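J.: sequence? don't have it. structure:
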């Protein structure tokens, strides 16, 4: 009943007219936000959340919702409760980079190897990787997720971790964005080398202390302090919340900070005031302006990257910020520099990712709506006959290309097709309907998302980028890696392999009892046992790998111990398959055994060969990790 009354009050507030550039009285805003958060509790149940809004150099509003610790019923307090901020931590790294840039200790366009003592980025392409590339995520690294999290502290140094897990360079730098945690950590390593102190110490001394951010921690977990608590993280399963252990982020500069909303408000105010707060400065105003200025975009007309900030422009208003995600915490920081307004929100539950996005959408549409709705582009969906070139399967370029982690790309793809109404339907994690607004450019019908397709010189569509995702692009999937094709091949091939694994041993057992075996009696034993061992090796690997990967998110903590041993099996299966193919060719030429026996044998060997090809496609043929 109480929640219903809050929702009714919020609806009344939301119905009132509002200025596109001014926030209402804080009490009015509180009624709106209380209703919104109550709705989120129903739609995306969360244990606790916190919101902070700043305007005109002051904290305009901040409030905690729910609990930081459900067992003790400790409420979320914006001044006392620390939340994990995930990749919003990168903004501290980029702020520190700009400080050293101002001091002349770093050059954004110098080869990053200039600043690295114990690590060397390979010279894979003609152009070197620079700090500018790292800041705007266009360095050209593949993505790696093994080892991004740890179950306990005291991890290896950043240099040691990057030495072991540095992703391969898979495209020239400056070509397109592809978000990289390792790239951000590499920049922090360069910062540390140039400054002569650790990233943790530099951030504490040059950012946290002068900005009065006393309740922000770079150490994991934060050191206990009187009156300050670290929020627990939770999973939500059908409204049942389960407490989870502290999440250690070995690459701390990429996502290891914990902070209170009050401290994050100070951080927002400092950037909105061009680096100054309470008489202290992060850097000169010109440096602050430069940090907020765009440095790269994937295509004209879409949001890009500033110097570490993501461009998040909405409704004709300039917005810069960053999102942050761990497994349990989901955070957003967004600044509107032209209005002197910033908003920070964080949820301590795995279901909070969508809630965070919806909060930002609602905030912008409510208080910073389009100043001239008539200027919005006209969406034309009466061009179905011209849209066929855009149809196909696409995937994020934020993926592994050279390691077995590439398999993750088979599970995340976007299908683009024309729907019955002539709109271009893009189905992935979220399905959106789009219409063409200009050549190669499509706008979400009834939404904010703009899609810009990329084409080769011959006009063939090669991918697309979206204005709401400036940190990576989507590539067209090669036919050989179409996940639908591989799904069908597995669906057909596994039963065929099972038939070989079962029929031939059964046939041998029946012969042992002097029972006739239809169609199998005259196949040479060496051929049968070769194909049988190949099929069993591949089947055991497939089943074992599926079991080892039953919870693929565990990979972020490291490679399961069983994987190296399992990866021996495909190599054995591939070698035996090769011999089996030679036998199959011999059977076809010399017509050994009955026709049905030959067909069955060839089917099993073919299924083995196809599966070996699939494993090779996804870097599972060998020890590529």
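T.: Cool, the structure landed. Just so it is clear, the model here is predicted, and its values are computed rather than measured.
J.: what's the helix or strand for residue 159?
T.: Per DSSP states H and E: residue 159 is located in helix 158-165.
J.: nope, residue 359 is what I was after
T.: Per DSSP H and E: helix 352-367 holds residue 359.
J.: cool, residue 547 as well?
T.: Secondary structure (DSSP H and E) places residue 547 in helix 525-548.
J.: And the next helix or strand past that helix?
T.: helix 562-566.
J.: mean confidence for the following helix or strand past that following helix?
T.: Where DSSP H and E defines the elements, the next helix or strand beyond helix 562-566 is helix 568-590. Averaging pLDDT along helix 568-590 gives 92.
J.: What residues sit buried inside helix 568-590?
T.: 569-574, 576-577, 579-581, 583-584, 587 (16 or more other CB atoms under 10 Å). Every residue, glycine included, has its C-beta placed from N, CA and C.
J.: that older thread, from the contact counts, what lies against the helix holding residue 359?
T.: helix 26-43, strand 48-55, strand 330-336, strand 341-347 (3 or more CB pairs under 8 Å, 6 or more residues apart in numbering; DSSP states H and E).
J.: From what I see, residue 566 and residue 542 are in contact.
T.: No - Residue 566 lies out of contact with residue 542 (CB atoms under 8 Å); the separation is 9.6 Å.
J.: that older thread, what residues does the helix holding residue 159 touch?
T.: Residues outside helix 158-165 that contact it (CB atoms under 8 Å, 6 or more residues apart in numbering): 118-119, 144, 146-147, 155-156, 182, 185-186, 188-189, 192, 199, 250-253.
J.: In PyMOL, select just the buried ones from the residues you listed.
T.: Provided next is the PyMOL selection string for whichever of the contacts of helix 158-165 are buried by 16+ other CB under 10 Å:
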select buried, resi 119+144+146+147+155+182+185+186+188+189+192+199+250+251+252+253
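J.: out of residue 566 and residue 542, which sits in the busier spot?
T.: Between residue 566 and residue 542, counting by other CB atoms under 10 Å, residue 542 is the more crowded of the two (22 against 18).
J.: So that one is in contact with residue 494, correct?
T.: Yes - using CB under 8 Å, residue 542 makes contact with residue 494 at a distance of 7.2 Å.
J.: list the contacts for residue 23?
T.: 29, 53, 55, 60, 341, 367.
J.: among the helices and strands packed on helix 352-367, which is nearest residue 592?
T.: strand 330-336 (62.8 Å; CB to CB).
J.: Please tabulate the contacts of residue 23 in a markdown table and include distance to residue 308 as additional columns.
T.: Below are those laid out as a markdown table (distance: CB to CB, whole Å):
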| residue | distance to residue 308 |
| --- | --- |
| 29 | 29 |
| 53 | 22 |
| 55 | 23 |
| 60 | 25 |
| 341 | 20 |
| 367 | 26 |
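J.: Look at residue 84 and say how many residues are nearby.
T.: 30.
J.: Look up phi and psi at the residue nearest to it when sequence neighbours are not counted.
T.: Computed as CB to CB, 6 or more residues apart in numbering, the closest residue to residue 84 that is not its neighbour in sequence is residue 329, at 4.0 Å. Residue 329 adopts backbone torsions of phi -110, psi 140, taken as degrees, to the nearest 10.
J.: ok, residue 329 touching residue 87?
T.: No - the pair formed by residue 329 and residue 87 falls short of the contact definition of CB under 8 Å, at 10.7 Å.
J.: So the two - more neighbours on which side?
T.: Using other CB under 10 Å, the more surrounded residue of residue 329 and residue 87 is residue 329, with 25 against 22.
J.: quick one, what contacts that one?
T.: By CB under 8 Å, 6+ apart, the neighbours of residue 329 are 83-86, 231, 233, 247, 346-348, 352.
J.: got a pLDDT number for it?
T.: 98.
J.: Residue 476 and residue 392, how far apart?
T.: According to CB to CB, to the nearest Å, residue 476 and residue 392 sit 6 Å apart.
J.: Compare these two (neighbour count), which wins?
T.: Neighbour count, other CB under 10 Å: between residue 476 and residue 392, residue 476 has more, with 19 against 16.
J.: Can you give me every residue that contacts the more buried one?
T.: Taking CB under 8 Å, 6+ apart as the test, what residue 476 contacts is 392-394, 461-463.
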